[in-house]
Structure formats: C-alpha cells, structure tokens
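Colleague: structural data only, the sequence is not supplied:
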C-alpha cells in the first residue's frame, strides 16, 4: 500500500510515470538553460502573436511547429525511461542529450521553417509542382514529426499515420469501396507539406492560435491560487456529508476542470488530498482511486477550458466558442451527477461518515485569502460569452493572472515564478503539439483520398444490414430500420472511439474519427454539432477504460491499489458518460444550441437523463433505499436504458416498471430502520 501522505516529488513521479506527455528526460545545466529560454520564448511569442502581433497564418504555424519539434527532441529520449538520473557525459552526449538528438532538433526546426519562409508568390507557383528540395524538406519534416510524436505520445498514433499513408499510396489495391487511384510520394508530400490540408492544417493551427494560450492560462491560474481555492471550496460544500471526501473529489475535480483539460494532471492535483481522505473514512483503496480518476476525466468536457478538441470543433463547425461551451454545459453536469449518485449510494451502503468540523477549512478564511484568484477566470468567461475570439479572451485572462499574482499577498507571483510558469505552460503543450502535426498527416490523407466518406458509407451500410436483421426479430420489430441503423452506427462509432482512445490522446482520436463519424451520421440525419460531440465524449471515456486507463492508473498509484481493478471501477462509475452521448443524439435539445431547440424538450430530456443515470447508478451500486437483490439490479438497469431516448412516454413506462421495485425498497428500508441496533 502507498503512503497516504505522498510528497510533492512522489506525486510528480506518479504523474510522470503514467502520463507519457510529461516523461521529460533529465538534462545538464547547459541544455536546461537553453530549454528554459526556448520555452519562455515560445510562451512570449504566442502571447505577442495572438494578442498584439499580425503574423501570416503559415508562418505562425511554422514557428509554433519549429518550437514544438525542436524542444521535443531536446526533452524526450529515444526510449522512454522513468529514471531521473543524469546520464554520464560522453563524447556523443552533451548535458545529457545525445548529439544525434541535437541534430534532429536542428533539422526539425529547419524543415518546419523552410516552407513558411518561402515568399508567398514562390509558394503559390510550387504548390502542385514541388521542387526536389521541397520534397526533401517535406519528407524530413514528415519523418521527424512521426518520431517526435512517438517519443512524446507513444507509438500508436505514428503507426496509424503510416497506415493512412500506405493507404494513400496503395489505393488501387484497396478492397471494395475503399479503392482509389492512389498517389505518388511526390504528390503525397505536396499535399501534406505544401498545402494547409496536412501538417500545417487545422489541427496545428488551432494549437498555435488557441490551445497554447489556454494551457498557459491554466498554469498561471493554478499558480496564483485558483486550484487551491477550488479544492477548499469543494471541502466546504461537500465534505461534511456521508462519504464526504468522495464528494469533495467530485466537486474539486469539476472546479479544476474549468481551468485544466488534462485528466491525469487533475487526478494527481486533487487526488493527493482526496484519495487519502477517502481511504481514512472507509472507502476501499481501488474505489477511492476510481472516484478521483472518473471525476478528473470530466475536465476535458467541462467549460470554459475543455480540451483542445473543443477549439478544433470551433474551426470545423465554424461556430462561436460560446456555443460549444453552452452545448458542453449540461452533459458535463450529468457526468458529475452520475458519479455523485454512485458515490452517495456507496457511502450509504457502507455507512461511511463525512469529514468532521476540525477537518474542514474555514469558509470565510478561504474566501478572504483566495478570492482575488477567481477574477481571471471571470474575465475569461465574460469575454467568451460577450462574443470575443478565444485567443483574445485567453490573452486578457493571462494578463489578469499576472496582475492578480502581483497584487495578491497570499500567492505572490515573483519574476522567478512567472518565468517558471511560462516555461511550464510551454512544456505542457509539446506532446499535444507533436500529436496535432501527426494528426495533420492523417487528415491530409483523408482529404486527398476521400476515405472519410468511403468509411462513413461502409459504417452506414454495415449498420443498415445489421439493423435489417434486428428489425425482423419479434419485439425488436417495433423499431424501424432507420432507427436500428442509427443505433448500430452509434455503437460502432463509440467502440471505435474507445479503442482508438486507448492508445492516443483525446484530441487525436476526435480528429481522426470525426472524419468517419461526421459523414456517417450525416447520412442518418444527425446534426453536425451532435455528431462531433458524440465522438468527442467517447474519446474522453478512454482515459478510464481498461486496458489503457491512464487517469485510473495514476489514481491507483496514489491510492496504492490494483491499477486494473481501479480502472474497472472507474469505468463503472463513469457509465453515465457512456450514456449521455446517446441521450443527446436522440434528443439534441440537451446541447442547448441545436436546431429546433425548445425549453420543454430540454426539460424533458434533462429530467429523463437524470432518472436514467440515477437508475444505472443504483443498479451498478446494488443499493437504492436498501441493498438490492440480483433481479432488482437487472430490472432497474435494463429499464434505465429506456431513458436513452427521453420522452414523456418512455419516462412514464420506465417509472411504471420501476414502481414495484421502489415499493419493495421502501419496505426493506423501513424494516431495516425498525430493527434494534
């Protein structure tokens, strides 16, 4: 079992162990200074370019990519290691960095900047007819991008990119509907490197323009005390109730999710406090870790920061960020509601206490000490809701963080702290930046070959064939062929998202699979916003889905529990997140900004979803008003699925089917209360 009071160094090691994006290698003083200067320069450049500068699109993306790739080769080793010891100096290693990696860093910067520095007139002439040097530099950037992604994210995404490249080249040999004319290497590099449809496409553009600034804002907001304020407020709000520390984990993770879209970072930050507290009041170690992991994954779906995928959604759908945030609000609340229900029922079942008064912070003292730290978040939200662009809002949110940090006597921001925050913010963007460039390769192949529409056609055709079989069965024939085709398509896409998300970041999963899901669901009359959110949510679910549930494994490291058991429990607790996307597909009113929205449809959908999630929570917990027998759990669980398509009729049927079980539960609860202690 792990020590319940882990040190900051031990927590950092857990985060480094389970998050490949933070597995930086140790370096000597010389390289460390160089890297620190480059990281701060990267932050300063993005702040200037997005807030006050006017940089050509391709140049801005090229500068961002050159920073990312160059620093990845300096900070990430060829082979990932958990060792923090500095390697011995040799003739081929400078300050802990192999000479070859220094060469790779220089080559990556040169290849990334070659195209953006070409005169616009020369570039326009060479698109479609690249020179030998263009092809050479494009090939170098392609190879170095894949290698940088392998080091910082893992091998899965580069392998997927290579499969797509092979598909582009060997298209004439592809089977059935996937067959196409194929592309030469020169033509492929022309599309991936010389145009804005590949490596320099939307994914890297969004990282450079928006995501970098929001990650930097989150680092600064945490540094000036906003994270501590959230944790303390969560303890004040929920700590004294039954099973209080678990409810604190939910509220603190929800609050932290407003400034951080990283599941693992949220798990370690809030879990350092909540997991030991949960164990002290009686929760099993694996359950305590699972609660924190499941709650922390909500950060990627919680406004106003969300994950990087939200900003890419803005570009794809060409709608304001405030609409994306509005659409995300109630699904995120349902996610936390589902965890809360299960945690509460588990606490009632185990008879767990809340925190004592002497274990809780003083609400007045907390607000007096930290109220200033909420101002930057308020400014950020206000600017977004008032219609300002995301980068404009983030720039002024960052300025507010610095001003508050200087003025706040409790968490004073010194120049050294500001330097470190700027460096940490840039460092946290490197892995996602490399992944975005590799995703650009995949997207480039999709646009070059049209494979997205081809795969979408295959998905719909497969779902239609399966739906035809199901619609001919007794009882199942009540639903039409189109309804079954939609349901099976959603199942296929959801499973694909979970499988893909097990090996690659959420943003990459979203970008790749939305290329298939959007055309497929469009053929079934699903609105684009709904289709994009469906893929986004199931990509996030992978963080708590075994066998690669990284957030759950990080929580298990803090809890000292079995990682796989913690992951399975986290998936059970997160079952609401698996249900919610189906709800808003069948009733888009839950997303607020969809076509045909009405408050009556929204109210019915929200109430129905809460009933369905509550029923699933009771079924998986085995407790409602009293312990449930096996048949009761199955009956409640299966009946809860009726609320996937909320409506007055389905709600009435569901409640009618629940009524005998509710009566039995009420009688058992009364009998139990009447028994002597």
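Modeller: Great, that's in hand. None of these values were measured; they are calculated from a predicted model.
Colleague: surely residue 130 touches residue 139?
Modeller: No. With contact defined as Cβ atoms under 8 Å, residue 130 does not count as touching residue 139 (10.6 Å). To be clear about C-beta, it is placed using only N, CA and C from the backbone, and glycine gets the same treatment.
Colleague: what do the two both touch?
Modeller: Common neighbours of residue 130 and residue 139 (criterion: Cβ atoms under 8 Å, 6 or more residues apart in numbering): residue 189.
Colleague: neighbour count winner among these two?
Modeller: Per other Cβ atoms under 10 Å, whichever of residue 130 and residue 139 has more neighbours is residue 130, with 20 against 17.
Colleague: please identify the buried residues of stretch 455-470?
Modeller: Neighbour-count burial for stretch 455-470 flags 455, 456, 457, 458, 459, 460, 463, 464, 466, 467, 470 (criterion: 16 or more other Cβ atoms under 10 Å).
Colleague: which SS class is the first one?
Modeller: Under DSSP: H, G, I helix; E, B strand; the rest coil, the three-state class of residue 455 is helix.
Colleague: that one and residue 498, how far apart?
Modeller: Here residue 455 is placed at a distance of 17 Å from residue 498 (Cβ to Cβ, to the nearest Å).
Colleague: and the helix ranked longest in the chain, average pLDDT?
Modeller: In the chain, taking DSSP state H as the definition, the longest helix is helix 321-350. What helix 321-350 shows for mean pLDDT is 86.
Colleague: what comes up buried for it?
Modeller: For helix 321-350, the neighbour count (16+ other Cβ under 10 Å) marks 321-325, 327-349 as buried.
Colleague: check stretch 594-607 too.
Modeller: Neighbour counts over stretch 594-607 (16+ other Cβ under 10 Å) mark 594, 601, 602, 604, 605, 606 as buried.
Colleague: which residues of the stretch 451-600 of the chain score low on pLDDT?
Modeller: 474-479, 501-503, 542-543, 545-549, 576-577 (pLDDT under 70).
Colleague: from the chain's centroid, how far away is the longest helix of the chain?
Modeller: Distance of helix 321-350 from its chain centroid, counting by Cα atoms, centre = their mean, to the nearest Å, is 16 Å.
Colleague: please apply the same query to stretch 599-610.
Modeller: Relative to the centre of its chain, stretch 599-610 is centred 26 Å away, using Cα atoms, centre = their mean.
Colleague: residues contacting that stretch, please?
Modeller: Contacts with stretch 599-610, where a contact means Cβ under 8 Å, 6+ apart, come from 330, 334, 337, 579-580, 583-584, 587, 589-590, 592, 643, 646-648, 650-651.
Colleague: now, those residues that are in helices?
Modeller: Counting by DSSP H, the part of the contacts of stretch 599-610 found in helices is 330, 334, 337, 579, 580, 583, 584, 648, 650, 651.
Colleague: please pick the buried ones from these.
Modeller: Buried, going by 16+ other Cβ under 10 Å: 330, 334, 337, 579, 580, 583, 584, 650, 651, out of the ones in helices among the contacts of stretch 599-610.
Colleague: low-confidence stretches in the stretch 1-150 of the chain?
Modeller: Across the stretch 1-150 of the chain, the ranges flagged by pLDDT under 70 are 1-22, 81-85, 87-89, 91.
Colleague: 50 - rerun?
Modeller: Applying pLDDT under 50 to the stretch 1-150 of the chain picks out residues 1-4.
Colleague: please report the distance of the closest residue to residue 287 other than its chain neighbours from residue 618.
Modeller: For residue 287, ignoring the flanking residues on the chain, the nearest one in space by Cβ to Cβ, 6 or more residues apart in numbering is residue 569 at 5.8 Å. With distances taken as Cβ to Cβ, residue 569 is found 16 Å from residue 618.
Colleague: repeat that for residue 454.
Modeller: Using Cβ to Cβ, residue 454 is found at 44 Å from residue 618.
Colleague: looking at those two, which is more packed in?
Modeller: Neighbour count, other Cβ under 10 Å: between residue 454 and residue 618, residue 618 has more, with 24 against 19.
Colleague: residue 348 is in contact with that one, correct?
Modeller: No. The pair residue 618 / residue 348 is not scored as a contact, 10.8 Å apart, by Cβ under 8 Å.
Colleague: I'd assumed residue 100 was in contact with residue 93.
Modeller: No. Assessed by Cβ under 8 Å, residue 93 is found out of contact with residue 100, at 9.6 Å.
Colleague: quick check: buried residues in stretch 442-458?
Modeller: Using 16+ other Cβ under 10 Å as the test for burial, stretch 442-458 gives 442-449, 451-458.
Colleague: where do the helices sit along the stretch 251-400 of the chain?
Modeller: Counting by DSSP state H, counting those that start in this stretch, the stretch 251-400 of the chain has helices at residues 263-281, 285-297, 308-317, 321-350, 363-370, 375-385, 390-407.
Colleague: picking that back up, make a markdown table out of the buried residues of stretch 455-470 and add distance to residue 376 and secondary structure.
Modeller: Putting those into a markdown table (distance: Cβ to Cβ, whole Å; DSSP: H, G, I helix; E, B strand; the rest coil) gives the following:
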| residue | distance to residue 376 | secondary structure |
| --- | --- | --- |
| 455 | 43 | helix |
| 456 | 42 | helix |
| 457 | 47 | helix |
| 458 | 47 | helix |
| 459 | 43 | helix |
| 460 | 46 | helix |
| 463 | 46 | helix |
| 464 | 50 | helix |
| 466 | 50 | helix |
| 467 | 50 | helix |
| 470 | 52 | helix |
